[in-house]
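Chemist: dropping the sequence and predicted coords here.
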Amino acid sequence: MAVTKCLTMLFILGIFSSAFPQAKSEKFGLFVTGASDAEPVVKALTKALNESKPFEVVSKADSKIAVLVSCMARQKTEPFVCMYVASFNGAAFQTFMGGGLYVAADADTLALNFLQSIAADTVERFDDTSLSNVRQTLEGCLFLSEPGCDVPEQLQKELGAKPCNFPEH
């Protein structure tokens, strides 16, 4: 079972690292936060993300995905019962990308489960979520009847236009 998880994780990370080249850094920036009950898991997840090939933990402003970790209150002898929610950290919107609920005896095991799940969420949904977010931003601009709306780079080829200029009222 553990071997299968490791092989799956390596496969996902291999695909992910080649699918999303970055200009600034080769790593994909995530912002990780959580309440006080989740502090050991947040620390373990931050360490696991920074040690992984495709990810690094960055500030919220520099992140592409924000991850919120929440855990149930527990005694020291009880297992961790935690969940995470990953959201695309777009310019105008935060869009849900995935989440998971796990139970584990220690924070490191839980963090590795989260890392696998976050990697899968990112590989499966990032491009579509990013494009959807860009479309929503442009639609919002057009809905407000702004005199000029810049067409985001991702949509310029599809729409065949750069700015959308409207005459002033």
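Modeler: Structure received. This is a predicted model, so every value here is computed, not measured.
Chemist: distance check, Lys64 against Phe31.
Modeler: Distance, Lys64 to Phe31, by Cβ to Cβ, to the nearest Å: 9 Å. (Glycine included, C-beta is placed from N, CA and C.)
Chemist: overlap in contacts, the two.
Modeler: Listed as contacting both Lys64 and Phe31 by Cβ atoms under 8 Å, 6 or more residues apart in numbering are Asn89.
Chemist: shouldn't Glu39 be within a helix?
Modeler: Yes - judged by DSSP: H, G, I helix; E, B strand; the rest coil, Glu39 forms part of a helix.
Chemist: that one: neighbour count?
Modeler: Counted by other Cβ atoms under 10 Å, the residues lying close to Glu39 total 13.
Chemist: state the distance from it to Ala104.
Modeler: Between Glu39 and Ala104 the distance is 15 Å, computed by Cβ to Cβ.
Chemist: do Ser87 as well
Modeler: Ser87 is 23 Å from Ala104, by Cβ to Cβ.
Chemist: helix/strand/coil for Ala86?
Modeler: strand.
Chemist: residue contacts, the nearest residue in space to Asp62 that is not next to it in sequence?
Modeler: The spatially closest residue to Asp62, leaving aside those adjacent along the chain, is Gly29, at 5.3 Å (Cβ to Cβ, 6 or more residues apart in numbering). Contact analysis of Gly29 by Cβ under 8 Å, 6+ apart lists 55-58, 62-65.
Chemist: do the same with Lys47
Modeler: For Lys47, counting by Cβ under 8 Å, 6+ apart, the contacting residues are Ala111.
Chemist: which SS class is it?
Modeler: helix.
Chemist: again, but for Asp108
Modeler: Applying three-state DSSP: Asp108 is helix.
Chemist: thought it was touching Ala44?
Modeler: Yes - Asp108 is in contact with Ala44 according to Cβ atoms under 8 Å; the separation is 4.9 Å.
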